[in-house]
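Student: Got a predicted structure plus its sequence, pasted below:
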Amino acid sequence: MLNGRIANALTPAVGALAFIILWWFVTWLRWIDPVLLPSPQASARAIWEGFVGGNLLKDFLITIRRTLLAFGIAVAVCVPLGLVLGSSVRLYRSLEFVIDFFRSTPASALFPLFLVILGVGESTKIAVAAFGAGLLILFNTAYGVMNARKTRQAAARVMGASPMRVMMGVTLLESLPQTFVGMRSGVSFSLVIVIVAEMFIGSTDGLGQRVINAQMIFNMPEMYATIFGAGVLGYGLNLVFIVIERRFIHWGGK
Amino acid sequence: MNAPQDVAVGSPRRPAPGTHITIRGLTKSFAGQPLYSGFDLDIPKGQITSIFGPNGCGKSTMINMVAGLLPMDGGEALFDGKTLSDTVIGYVFQNYRDALFPWKRAIDNIKYPLRIAGKTKGECDARADELVKSFDIRFDLNRYPYELSGGQQQLVSIMRSLAVHPEVLFLDEPFSALDYEMTLFMRDKLQDIFEATKTTMILVSHDLDEAVYLADQVLMLTRRPTRIAEVVRFDAARPRRPETLTSDAFIRAKAQCLEVFQREVRAREAAA
Ligand SMILES: Nc1ncnc2c1ncn2[C@@H]1O[C@H](COP(=O)(O)OP(=O)(O)OP(=O)(O)O)[C@@H](O)[C@H]1O
Ligand SMILES: [Mg+2]
């Protein structure tokens, strides 16, 4: 019994452990130049030093802040908009092409446009990320509303709920599982854009800028440490969303 | 037996005495195909009217239009001369899974229409308690709907529809997703509610036994374009109990319904 439980708890760690052993093995045998691929120990030290003493933590927090800010703007604008669009099939159909077009346009291609409008600075990074994440949230919310079974809305209407009340009390909740899909992809997307922006748009801080700097001065442990930091951030954000979703949308799929 | 289609078209008929809902000139078509054209019907007050007819003849469409869930192309429905917006109605959906709010606990589902009606928390609680008592509920209403059995969920949605003391209760195949035992139980429950409140009820059912068993009158509909084939009365005393199913009056009423039904099917086949 106990053995089974321990085995179950350890199963997910097997892959990670195997990966680290393989990494260690490769560097130990010097199959790859240690300058390009430092050992796991050297990388771990760089991560530790970066988070405890160095600036990695600071850049980490800056990137989180930008990502969440962009995401927050996207949610605030696009969830209500998605609700409205989704409630009117005709309205959505009339805008569908525009939404699909911009959604399919790589958001990174919009950097020059936003640079011209907003200049080189904080706002451009956040705006492009918010734009890309917003479209994902928008169309997922709209789809959630359009594809929701109409029975509950009908039930609320027959009980005398006003259109506004039906929208906020039923339609919004009904579309929430799909809206969450949009938010989860939106936050990941926003992180991608923020990091790219930090790399190439005259940044002096953030994880993206840190990766590029480490690469230019050939500080490989530092570079791996930063990549690892970005990975932790992406994974962590996703995890937080899954947890919120499980707790909050307890009825999902039932 | 009244046969509303005998009435000359164009002269708005006066409602028969004791009528609650007057439907006049109801018209509806889907994709250019007429479903109803100039349909008239009187539904008596304080009685149960069952609606029986073949699949796709427009039973759901009719009660949805009368309950305001679907727009009419033409015509009107008045409740004691009032419009729908001045009338309190209840509606029980066939698919309770899609009709209850899964994000609310069962008890809050029941209170929802009261909240909509602007009742205070105290009033909501009092009414909910009353309903729980009168339904003799023995399961935990603090659970979410998806944690309840199908029958319990449908019971919750019936309680929800009754919370506001509706003048008219619409039920669209309310028991068709329940097992046989639960169906029998719910039929009697519905009958008890009816006897206690004398609420006008309109029940769509695919089960002829059920339609007759519960009804004061069974409305037999034809295939589309839909007309009333016949209105069959069933006057057996209430409370009706399983023995009613074997009584002469029941067997006669059911036989009459079947005869109408078969006549319609044959007429259809002859026309085809
Ligand atoms: N939204 C719609 N668009 C097009 N046709 C429709 C629509 N709703 C209903 N119909 C058609 O109208 C007819 C009546 O449908 P309705 O659902 O009222 O039938 P019903 O008598 O309730 O059938 P059932 O016994 O299967 O519940 C059917 O032929 C159906 O195909
Ligand atoms: Mg139907």
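Tutor: Looks like it came in fine. Ligands and ions are numbered 1, 2, ... in the order given.

Student: for the residue in the stretch 1-150 of chain A positioned nearest to ligand 1, phi and psi?
Tutor: The stretch 1-150 of chain A approaches ligand 1 most closely through A:Lys150 (10.4 Å), counting by C-beta to the nearest ligand atom. Any C-beta I mention is one placed from the backbone N, CA and C, and that applies to glycine too. Main-chain torsions, A:Lys150, degrees, to the nearest 10: phi -90, psi 0.

Student: Please work out how many residues are found near it.
Tutor: Burial measure for A:Lys150: 13 neighbouring residues, criterion other C-beta atoms under 10 Å in any protein chain shown.

Student: just the helices in chain A please.
Tutor: In chain A, the helices defined using DSSP state H lie at A:2-28, A:40-52, A:56-87, A:89-104, A:111-118, A:122-147, A:151-158, A:163-166, A:172-200, A:207-216, A:220-248.

Student: of those helices, which approaches B:Val88 most closely?
Tutor: Of all the helices of chain A, it is helix A:151-158 that lies closest to B:Val88, at 10.6 Å by C-beta to C-beta.

Student: quick one: low-confidence ranges for the stretch 51-200 of chain B?
Tutor: Applying pLDDT under 70 to the stretch 51-200 of chain B flags no residue at all.

Student: neighbours of B:Lys189, just the number please.
Tutor: Using other C-beta under 10 Å: B:Lys189 sits among 17 other residues.

Student: Distance check, it against chain A.
Tutor: 20 Å (C-beta to the nearest C-beta, to the nearest Å).

Student: For burial, what's the neighbour tally of the residue lying closest to A:Gly82 once chain neighbours are set aside?
Tutor: Closest residue to A:Gly82 apart from its sequence neighbours, by C-beta to C-beta, 6 or more residues apart in numbering or on different chains: A:Thr141 at 2.7 Å. Neighbourhood size, A:Thr141 [other C-beta under 10 Å]: 29.

Student: and A:Thr141, what does it touch?
Tutor: Residues near A:Thr141 by C-beta atoms under 8 Å, 6 or more residues apart in numbering or on different chains: A:Cys78, A:Val79, A:Leu81, A:Gly82, A:Leu83, A:Leu85, A:Gly86, A:Ser175, A:Gln178, A:Thr179, A:Gly182.

Student: can we see that at 10 Å?
Tutor: A:75, A:78-86, A:172, A:175-176, A:178-183 (C-beta atoms under 10 Å, 6 or more residues apart in numbering or on different chains).

Student: buried stuff in stretch B:162-178?
Tutor: Buried residues in stretch B:162-178, counted by 16 or more other C-beta atoms under 10 Å in any protein chain shown: B:162-164, B:166-175, B:177-178.

Student: ok, and of those, which contact chain A?
Tutor: B:Ala163, B:Val164, B:Pro166, B:Phe170 (C-beta under 10 Å from any C-beta of the partner chain).

Student: Now which of the contacts of A:Thr141 would you call buried?
Tutor: For the contacts of A:Thr141, a burial check counting by 16+ other C-beta under 10 Å picks out A:75, A:78-79, A:81-83, A:85-86, A:172, A:175-176, A:178-183.

Student: neighbouring contacts of stretch A:101-112?
Tutor: With C-beta under 10 Å, 6+ apart as the criterion, stretch A:101-112 contacts A:114, A:124-125, A:127-136, A:138-139, A:189-190, A:192-193, A:196-197, A:200-201.

Student: can you check stretch B:76-88 too?
Tutor: Applying C-beta under 10 Å, 6+ apart, the external contacts of stretch B:76-88 come out as A:158-160, B:12, B:15, B:19-26, B:41, B:43, B:45, B:62, B:65-68, B:89, B:113, B:117, B:164-168, B:200.

Student: Give me the buried entries from the residues you listed.
Tutor: Of the contacts of stretch B:76-88, these count as buried by 16+ other C-beta under 10 Å: A:158-160, B:15, B:19-26, B:41, B:43, B:45, B:62, B:65-68, B:89, B:113, B:164, B:166-168, B:200.
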